[in-house]
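Peer 1: Let me see the structure of the following:
(one chain, ligands or ions: 1)
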Amino acid sequence: MRAVFNDFAVNMATPKEIRNGKLAQKLIKNLERRHFEAYFCPTAADAVARVLELIPDGSSVTWGGSATLREMGVTTALANAHRYQVWDRDLAQTDAEKQEIYRKAFVADVYLSSANAMSEDGVLVNIDGNGNRVAAITFGPKRVIFIVGLNKVCPTVESALARARSTAAPINAARFDIGTPCQVDGSCHNCNSAQSICNFVHFLRNSPAIKTIKKKLTS
Ligand code: SF4
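Peer 2: As a prediction, this is how the structure comes out:
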């Protein structure tokens, strides 16, 4: 990965690409210190290819918070590969079927997730309304792979939490049109709305020894 970036930097990198590459190298070091395997993928296509490389043939695969994964093409690539058991809750025909897929996540071979934010020293911050995503990140699937854009990286854990609640949450609130205060004006009001998408706030400090958590960084 580093060799690819070096070639890229010498031949054609823009100032933004140079900065992203340096930030990624710092993040990889900090994530490895926290027992993650981490990779920098300069493009979304690179990230999709790497995700598929990391998933053994025949694996059962599902995910939480699918918007980023769909936009990047991860979910389509998994389905089109025809070598995985893909459990896609968005294709469920009934609510019962969707609920079943939520629960199957806990026995999946691989669980994919984006992140709402990450600190420069490698702490992942995720908020969740129902808790299914942070639960699956925490325990159940044999392997968890995060796909994280460098735009999610914040200087500190505190600023990562602020990003999750005042940037990620209003966007998700608008996506699902749930009428929370953050949907109305774009800022977190620390609400107690029944529709809150921050009922669970999850900090992942280290990759636990019980499973391998991989992180991919994309610019
Ligand atoms: S606590 Fe409420 S207002 Fe704040 S981000 Fe979450 S849902 Fe939005």
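Peer 1: what's the span of stretch 122-130 from first residue to last?
Peer 2: Length of stretch 122-130, first residue to last, Cα to Cα, to the nearest Å: 25 Å.
Peer 1: can you tell me which helix in the chain is longest?
Peer 2: Ranked by residue count, the top helix of the chain under DSSP state H comes out as helix 15-33.
Peer 1: which non-adjacent residue is nearest residue 79?
Peer 2: Once flanking residues are discounted, residue 79 sits nearest to residue 86: 5.4 Å by Cβ to Cβ, 6 or more residues apart in numbering. From N, CA and C alone the C-beta is placed, and that goes for glycine too.
Peer 1: count of neighbours near the one you found?
Peer 2: Residue 86 has 17 neighbouring residues, counting by other Cβ atoms under 10 Å.
Peer 1: Ok, residue 193 next?
Peer 2: For residue 193, the tally of surrounding residues (other Cβ under 10 Å) stands at 17.
Peer 1: mind checking pLDDT for it?
Peer 2: Per-residue pLDDT puts residue 193 at 93.
Peer 1: Kindly report the same for residue 13.
Peer 2: Model confidence at residue 13, given as pLDDT, is 83.
Peer 1: can you tell me how far the closest residue to it other than its chain neighbours sits from residue 15?
Peer 2: Closest residue in space to residue 13, ignoring its immediate chain neighbours: residue 21 at 7.1 Å, by Cβ to Cβ, 6+ apart. With distances taken as Cβ to Cβ, to the nearest Å, residue 21 is found 11 Å from residue 15.
Peer 1: hang on, the earlier thing: check which residues of the longest helix of the chain are buried.
Peer 2: Residues of helix 15-33 classed as buried by neighbour count (16 or more other Cβ atoms under 10 Å): 20-21, 23-24, 27-28, 30-31.
Peer 1: Which other helices and strands does that helix contact?
Peer 2: helix 2-12, strand 37-41, strand 212-218 (3 or more Cβ pairs under 8 Å, 6 or more residues apart in numbering; DSSP states H and E).
Peer 1: repeat that for 10 Å
Peer 2: The elements that helix 15-33 packs onto, with contact taken as 3 or more Cβ pairs under 10 Å, 6 or more residues apart in numbering; DSSP states H and E, are helix 2-12, strand 37-41, strand 117-119, strand 143-149, strand 153-154, strand 212-218.
Peer 1: Worst mean pLDDT among these?
Peer 2: Note on the helices and strands packed on helix 15-33: lowest mean pLDDT is at helix 2-12, with a mean of 41.
Peer 1: Would you mark the buried spots in stretch 79-96?
Peer 2: Going by neighbour count (16+ other Cβ under 10 Å), the buried part of stretch 79-96 is 84, 86-89.
Peer 1: Now do that stretch: distance from first to last residue.
Peer 2: 22 Å.
Peer 1: Could you pull up the mean pLDDT of it?
Peer 2: Stretch 79-96 carries an average pLDDT of 94.
Peer 1: ok so residue 52 is a strand residue?
Peer 2: No. With DSSP: H, G, I helix; E, B strand; the rest coil as the criterion, residue 52 is assigned helix and is not in a strand.
Peer 1: Spatially central residue in this structure, please.
Peer 2: residue 114 (1.2 Å; Cα atoms, centre = their mean).
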